[in-house]
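Novice: Below is the structure, and that's it, no one-letter string:
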């Protein structure tokens, strides 16, 4: 079983930046593609970004393209989501998910067998 723990969320002003981390333990994290998702109150889960097993391919939702960057560090068993130019509509609980699948088409979260509990991001002045 792969355990995922997110961190790095918090309160940030509009236009600000945050970097979220997702640490995987229990199984070899490098065998999995990693996706980041978010869910705002009253809204559906939204796929934000995905990075492939090898780390050579990334996919982004249109809503974050050009503002968010997903990356991973195999030595640290960690995936990151660097978020810039944050806006109030980015406010949500962000969580990561991992599984052995391709990132093409930004797979929905129910395709992933491993998910973390998330970290809250609030964008407000």
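Specialist: Sure, I can see it. Everything quoted here is computed from the prediction, not taken from an experiment.

Novice: quick one, strands of this protein?
Specialist: Remark: strands assigned in the chain by DSSP state E are 3-7, 10-12, 18-25, 33-39, 46-51, 58-60, 68-73, 78-83, 92-99, 114-115, 119-123.

Novice: Out of these, which is closest to residue 105?
Specialist: Minimum separation from residue 105 across these (Cβ to Cβ) falls at strand 58-60, 7.5 Å. C-beta: built from backbone N, CA, C; applies to glycine.

Novice: for the closest one, the distance to its chain's centre please.
Specialist: Relative to the chain's own centre, strand 58-60 is displaced by 11 Å; criterion: Cα atoms, centre = their mean, to the nearest Å.

Novice: buried residues in that strand?
Specialist: 59-60 (16 or more other Cβ atoms under 10 Å).

Novice: ok, the most centrally placed residue in the chain - contacts?
Specialist: What sits nearest the mean C-alpha location of the chain, by Cα atoms, centre = their mean, is residue 36, with 2.2 Å. Neighbouring residues of residue 36 by Cβ atoms under 8 Å, 6 or more residues apart in numbering: 20, 22, 47-50, 68, 70, 79, 81, 94-97.

Novice: Now that we're looking at the spatially closest residue to residue 5 that is not a sequence neighbour, what pLDDT does it have?
Specialist: Leaving aside its chain neighbours, residue 5 sits nearest to residue 23 (5.1 Å; criterion: Cβ to Cβ, 6 or more residues apart in numbering). Confidence at residue 23, expressed as pLDDT, is 97.
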